[in-house]
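In: output the structure for:
(2 chains)
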Amino acid sequence: MTAGAPAREAARPDDAESRFTRRFAALRAEGRGGLVTFVTAGDPDPETSFELLRRLPAAGADLIELGVAFTDPMADGPAIQAANLRALKSGATLAKTLDMVRRFRAEDDATPVILMGYFNPVYSYGVERFLSDALAAGVDGLIVVDLPPEEDAELCLPALEAGMGFIRLATPTTDDARLPTVLSNTNGFVYYVSIIGITGTDSAADADIAAAVARLRRHTDLPIAVGFGIKTPEQAAAVAEVADAAVVGSAIVDRIAKNLDAADKARSGLVDDVLSLVSALAGGVRSARSDS
Amino acid sequence: MRSRAAPEGPARQGALSALTAAPAKTTAPPLNTYRAGPDEAGHFGIFGGRFVAETLMPLVLDVERAYTRAKQDPAFHAELKHYLTHYVGRPSPLYFAERLTRHFGGAKIYFKRDELNHTGAHKINNCMGQILLARLMGKTRIIAETGAGQHGVATATVCALFNMPCTVYMGEVDITRQQPNVFRMKLLGAEVKPVTSGSRTLKDAMNDALRDWVTNVSDTYYIIGTVAGPHPFPAMVRDFQSVIGEELRDQILDAEARLPDTLVACIGGGSNAMGLFHPFLDDPDIEMHGVEAAGHGVETGEHAASLTGGRPGVLHGNRTYLLQDDDGQILEAHSISAGLDYPGIGPEHSWLHEIGRVKYVSATDKEALEAFQLCSRMEGIIPALEPAHALAHVAKIAPGLPKDHILVMNLCGRGDKDIFTVADALGVTL
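Out: Sure thing, here's the model as predicted:
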């Protein structure tokens, strides 16, 4: 990891030099899949959350998804719902989340950071102002759960225009006829949601994931990350065998929840315990050879 | 297993309901009409749209295709008409509220009696339409969200009728204040799932229903209870509820030989109001008032008046006016009426508000409680707390209107479900 490199103000990398491209090229060179970790910004409190964020790369996170807290996370299961509410209770806002990324970028200029969440906080912030502030903070891409291709004019097209990555979710319900629509107007990587459902519930069978990744590869040259239901180093390893990266969210968020007291305050040792899970997941991913 | 196939033979002339009066294809709205929306992407002006997760998107497009086909299918309309007539009990009467008219001393007040429908509210108009559509789509399981429980009861009812398993999501807070409806749903064979997340009311019930739908897309149909959600739901629910306004047009012409001057309806999500207003939007002389719930008063922040106290945002599949903080976080609504306790409103209302075609006002808990008691004593009709908000507004404007002014209020639900809430508010122990 690069330490001490200054944040690049308003960087507008074209795809050839984006952090995504560089990171996935490096993973290919190492002959392995990557680990994408998800945490909600501000969960359980701003400082614990930042400490966790800054130490994720050293623990083995290759890409970071940072959840933007929202009151009504409709595609998330109980673990991430609770994380959203904890973050909001401790004062999380979109502006503070951008601040976290800015602080992170002052120390790490290589790890791609993706903001993941729902559209209303961004819409409320103002799309144009958000894109400019997020780029300046060092955000590389966006995943907005409730913006399907039908609503591309809202944020996706302005984001691509501004030089911000826009990562698409493809799902088991996205059939071959619809895939080209989903895979248009996107860059960075494709996030395959491996189950029909919400986060942190079921896990898909390895064979189904392999078949789905193969189907996606027929439609796109972008790297493919697979998420939803990946909880253990073994599952992460199995996914990394066939995909370019494995995304782990609810399991990490659950580990945060396990280290809270009755008032939802962080117990000492929270960050270390969560990072030990991340290290184990990274170990799983590193043990698997990617086929790409 | 009971078979509920389309009844033989009712595909007769006159079986076409209000639905056929709506434009069959939604293209660019022609000038001089307020009734052509939404556009193909589901937009009313900037409102509406399809803000859902990709997992749901193919299904939402399926619903749109199926509804577009059904709308043009006389057999679908005939079947719907059959059940609305013989099961729901439509048309609902138009009743001249003589004592209240004398009491207010101004406008002539009519009630459109949708509280006399089977299950006691307008909600079943929509449920009947949607369950017929779900059957056409081959879906085998139904889910719904409910606030006051009226939509849950109506959904459980049509599920019993058509022998389909039914799961209703209901906030814990609402379960406590609407016990009679919870028991009704269970009697009808539905599973009532308490929602413990967030504010534990209607908004959270809708979140959990959406989570269920995302998880069970292949066999499940989500009967959304109001004119909200992703396209085509706002337009489809409006179309199914427009039977209210279409009937009224004929009934008022019979009674008064002319159209009304003012229409009044309460608004939570706004389905009874859209159903009353929509058929009259292009009658320029008719004023329309939508009454939101002002809770303890809009100035206190404890209310459910999205248009009066909110601003545009995106929630539950559509862009509309929402109660939200500076960061775009959704605020908890408050109303004594569980059916109005929602921080959003149907997108078509947001559009009608912005273009000024409908006037949106509000009434407080206290005003609604007074109207509730007044209506019970003066007309022998115990109204639901929801239309009691509409009546509270009528009480404000009727006295100042001329005696030949015809005002029609949608009495969209009966108050049996609310007697415990009202007793509590009045300090009476039952």
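In: who touches the residue in the stretch 151-292 of chain A that chain B sits nearest to in this structure?
Out: Sorted by distance to chain B under Cβ to the nearest Cβ, the residues of the stretch 151-292 of chain A start with A:Gly197, at 4.0 Å. Placement of C-beta: from N, CA and C, glycine included. Residues touching A:Gly197, when contacts are defined by Cβ atoms under 8 Å, 6 or more residues apart in numbering or on different chains, comprise A:Gly77, A:Phe228, B:Thr55, B:Val214, B:Thr215.
In: tell me which element the closest residue to B:Val217 other than its chain neighbours falls in.
Out: Here the nearest residue to B:Val217 in space, its sequence neighbours aside, is B:Leu59; by Cβ to Cβ, 6 or more residues apart in numbering or on different chains that works out to 4.9 Å. B:Leu59 is part of helix B:57-71 when elements are defined by DSSP states H and E.
In: who in the stretch 1-150 of chain B is up against chain A?
Out: Contact residues, the stretch 1-150 of chain B versus chain A (Cβ under 8 Å from any Cβ of the partner chain): B:Ala41, B:Gly49, B:Arg50, B:Phe51, B:Val52, B:Ala53, B:Glu54, B:Thr55, B:Leu56, B:Met57, B:Pro58, B:Leu59.
In: show me which pair in the residues you listed is furthest apart.
Out: Using Cβ to Cβ, the residues of the stretch 1-150 of chain B next to chain A span at most 19.6 Å, a distance reached by B:Ala41 and B:Thr55.
In: who has more neighbours out of the two?
Out: Neighbours per residue (other Cβ atoms under 10 Å in any protein chain shown) separate B:Ala41 from B:Thr55, with B:Thr55 holding more: 26 against 13.
In: quick check: the more buried one touching A:Val182?
Out: No - using Cβ atoms under 8 Å, B:Thr55 makes no contact with A:Val182, being 11.4 Å away.
In: now the common contact residues for those two.
Out: With contacts taken as Cβ under 8 Å, 6+ apart, B:Thr55 and A:Val182 have A:Leu169 as neighbours in common.
In: which ones are touching the residue nearest to B:Val217?
Out: A:Thr173, B:Trp213, B:Val217.
In: turn those into TSV, including distance to B:Pro279 and neighbour count.
Out: Output for the contacts of B:Leu59, formatted as TSV (distance: Cβ to Cβ, whole Å; neighbours: other Cβ atoms under 10 Å in any protein chain shown):
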residue	distance to B:Pro279	neighbour count
A:Thr173	36	18
B:Trp213	30	21
B:Val217	34	23
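In: ok, those vs B:Val408, which is closest?
Out: Taking the contacts of B:Leu59 together and measuring to B:Val408 by Cβ to Cβ, the closest member is B:Trp213, at 36.0 Å.
In: before we move on, back to that, and the residues of the stretch 1-150 of chain B next to chain A, which are buried?
Out: The neighbour count (16 or more other Cβ atoms under 10 Å in any protein chain shown) marks B:Gly49, B:Arg50, B:Phe51, B:Val52, B:Ala53, B:Glu54, B:Thr55, B:Leu56, B:Met57, B:Pro58, B:Leu59 as buried among the residues of the stretch 1-150 of chain B next to chain A.
In: any chance of these in a markdown table with pLDDT as columns?
Out: Formatted as a markdown table, these follow (pLDDT from 0 to 100):
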| residue | pLDDT |
| --- | --- |
| B:Gly49 | 98 |
| B:Arg50 | 98 |
| B:Phe51 | 98 |
| B:Val52 | 97 |
| B:Ala53 | 95 |
| B:Glu54 | 95 |
| B:Thr55 | 94 |
| B:Leu56 | 95 |
| B:Met57 | 96 |
| B:Pro58 | 95 |
| B:Leu59 | 96 |
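In: how about the helices in the stretch 301-430 of chain B?
Out: Using DSSP state H, counting those that start in this stretch, the helices found in the stretch 301-430 of chain B span residues B:306-309, B:347-355, B:365-379, B:385-397, B:419-425.
In: host element of the residue lying closest to A:Ala243 once chain neighbours are set aside?
Out: Among residues not flanking A:Ala243 along the chain, A:Val226 sits closest, at 4.4 Å (Cβ to Cβ, 6+ apart). Element membership of A:Val226, judged by DSSP H and E, is strand A:224-227.
In: what about the helix or strand just after that strand, average pLDDT?
Out: Sequence-wise, the next helix or strand beyond strand A:224-227 is helix A:233-242, with elements assigned using DSSP H and E. Averaged over helix A:233-242, pLDDT sits at 96.
In: contacts for helix A:233-242, please.
Out: The contact list for helix A:233-242 (Cβ under 8 Å, 6+ apart) reads A:32-35, A:194, A:203, A:206, A:209-210, A:213-214, A:226, A:229-230, A:246, A:248, A:280-281, A:283-285, A:287-291.
In: for that helix, the distance to its chain's centre please.
Out: Between the mean C-alpha point of helix A:233-242 and the mean C-alpha point of its chain there is a distance of 17 Å (Cα atoms, centre = their mean, to the nearest Å).
In: for that helix, list every residue counted as buried.
Out: Taking 16+ other Cβ under 10 Å as the neighbour-count basis, helix A:233-242 is seen to contain the buried residues A:Pro233, A:Gln235, A:Ala236, A:Ala237, A:Ala238, A:Val239, A:Ala240, A:Glu241, A:Val242.
In: could you do stretch B:188-198 as well?
Out: Within stretch B:188-198, the residues that count as buried by 16+ other Cβ under 10 Å are B:Leu188, B:Ala190, B:Val192, B:Lys193, B:Pro194, B:Val195, B:Ser197, B:Gly198.
In: distance check, the residue of the stretch 151-300 of chain B found nearest chain A against A:Gly42.
Out: Distance from chain A to each residue of the stretch 151-300 of chain B (Cβ to the nearest Cβ) is smallest for B:Thr215, at 4.0 Å. Here the distance between B:Thr215 and A:Gly42 works out to 27 Å (Cβ to Cβ, to the nearest Å).
In: how about B:Met236?
Out: Between B:Met236 and A:Gly42 the distance, using Cβ to Cβ, works out to 39 Å.
In: show me which of those two is the more surrounded one.
Out: Each of B:Met236 and A:Gly42 had its neighbours counted (other Cβ under 10 Å), and the higher figure belongs to A:Gly42 (28 against 25).
In: which bits of the stretch 151-300 of chain B sit near chain A?
Out: That would be B:Ser197, B:Gly198, B:Lys203, B:Asp204, B:Asn207, B:Leu210, B:Arg211, B:Val214, B:Thr215, B:Asn216, B:Val217, B:Ser218, which are the residues of the stretch 151-300 of chain B within reach of chain A (Cβ under 8 Å from any Cβ).
In: find the pair from these with maximum spatial separation.
Out: B:Gly198 and B:Ser218 (27.5 Å).
In: please enumerate the strands of the chain.
Out: This is for chain A. Listed in chain order, the strands found in chain A under DSSP state E are A:34-40, A:63-67, A:113-117, A:141-144, A:165-166, A:168-170, A:190-193, A:224-227, A:245-248.
In: nope, chain B
Out: B:43-44, B:47-51, B:94-96, B:108-112, B:141-146, B:166-171, B:191-195, B:220-222, B:262-267, B:287-295, B:311-315, B:317-322, B:359-364, B:406-410.
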